[in-house]
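In: quick one: sequence and predicted model below, then my questions.
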Amino acid sequence: MHTHVNSVGLLVCSDPALNYSTPSHIPRACLDALPQQPGVYLFRDEAGVPVYIGKSVNIRQRVLSHLRTPEEAQLLARTRHIDHERTGGEIGALLREAQLIKAHQPVFNSKLRRIREMCSIRLGGALPEVVFAKDVDFGRTDNLFGLFQTPQAARETLRVMAQEAGLCSVMTGLEKGAPGRPCFARQIRRCQGACTGEESAADHAARVRAALAPLRVTPWPYPGPIAIVERSDGLRQRQLVDNWSYLGTRRPRGKAPARFDVDVYRILVKPLLAGALAIEQLA
């Protein structure tokens, strides 16, 4: 919002739309229609294909900021129309944005694109193991730690954790070893001796769990789907979620069971567990 001092010395706030020149190839009507409420917006090219999708608690203000940003010249050059959808609040905007980006894969959205392979570190067996979302339902499985795009990233996290916490590289699955033989970390005095029996397996397992605790993946905390209720300037919406998966504003029929969605998890886990959202449990 720009301000200026008028002829009698009053500070006047003006509509930001009046302070820049709209690109001539983008219809002014679609900009004039932008609301100042939460929602998502879609920059579309000449064929109507979304090239960028965003969200904001104030659609109008956010879209106009794009038009004033020189770094986004390529986006604006491709844009021929801008659509928007209102939502009942910020959570709805975040969920809808993630859903639309996965569906359309816009060329100018570098984040929230579909991740081909999601994996995690699971505890419970003899050694920590890397498991994949295609094999394990992350939303309904306990003892998972960390969300990674590649198994290499998961193993690197284990390696760094082992170094920092003085863990055994054999007992964490990072190194093959023989019974009673010290691991490399033990040889350089960075392991407390779980590989040689100087530290009990139970004590070592407890230290592994404690080191991974900040990365714990929270299982879905409800027996079934819920509705997150939001209101904004007369609009009331129910965002339906199950198993950390966004179902939309209406419950789908005949659809496969909801599968864990990492983007939905990251959006909801903190506010949901903190009790910061208005929730309705569904049958």
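Out: Happy to help now that I have it. Note that the structure is a prediction, hence the values are computed from the model and not measured.
In: in the stretch 101-250 of the chain, which spans are strands?
Out: Listed in chain order, the strands of the stretch 101-250 of the chain (DSSP state E, counting those that start in this stretch) span 119-122, 129-132, 144-148, 226-232, 235-242, 245-248.
In: how about those strands in JSON lines, adding mean neighbour count and distance to Ser200?
Out: Where you see a C-beta, it was placed from the backbone N, CA and C, and this is true even at glycine. Formatted as JSON lines, the strands of the stretch 101-250 of the chain follow (neighbours: other Cβ atoms under 10 Å; distance: least, Cβ to Cβ, whole Å):
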{"stretch": "strand 119-122", "mean neighbour count": "24", "distance to Ser200": "22"}
{"stretch": "strand 129-132", "mean neighbour count": "16", "distance to Ser200": "21"}
{"stretch": "strand 144-148", "mean neighbour count": "21", "distance to Ser200": "21"}
{"stretch": "strand 226-232", "mean neighbour count": "18", "distance to Ser200": "42"}
{"stretch": "strand 235-242", "mean neighbour count": "19", "distance to Ser200": "41"}
{"stretch": "strand 245-248", "mean neighbour count": "19", "distance to Ser200": "40"}
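In: of all those strands, which lies closest to Phe260?
Out: Among the strands of the stretch 101-250 of the chain, strand 245-248 comes nearest to Phe260, with 6.6 Å by Cβ to Cβ.
In: neighbours around Cys183, how many?
Out: Cys183: 24 surrounding residues under other Cβ atoms under 10 Å.
In: from Ala201, how far out is it?
Out: Distance from Cys183 to Ala201, counting by Cβ to Cβ, to the nearest Å: 14 Å.
In: now do the shared contacts for those two.
Out: Common neighbours of Cys183 and Ala201 are listed as Met171 (criterion: Cβ atoms under 8 Å, 6 or more residues apart in numbering).
In: alpha carbons of stretch 50-60, in CSV - could you do that?
Out: Taking C-alpha atoms only, stretch 50-60 is exported to CSV below (Å, rounded to 0.1, in the frame of the first residue of the first chain):
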residue,chain,number,x,y,z
PRO,A,50,-1.2,-22.6,-15.5
VAL,A,51,2.4,-21.4,-15.5
TYR,A,52,2.5,-20.3,-11.9
ILE,A,53,0.2,-21.0,-8.9
GLY,A,54,0.4,-19.1,-5.6
LYS,A,55,-1.5,-18.5,-2.4
SER,A,56,-2.0,-15.6,0.0
VAL,A,57,-4.1,-14.3,2.8
ASN,A,58,-4.7,-11.3,0.5
ILE,A,59,-4.9,-12.4,-3.1
ARG,A,60,-5.1,-8.9,-4.6
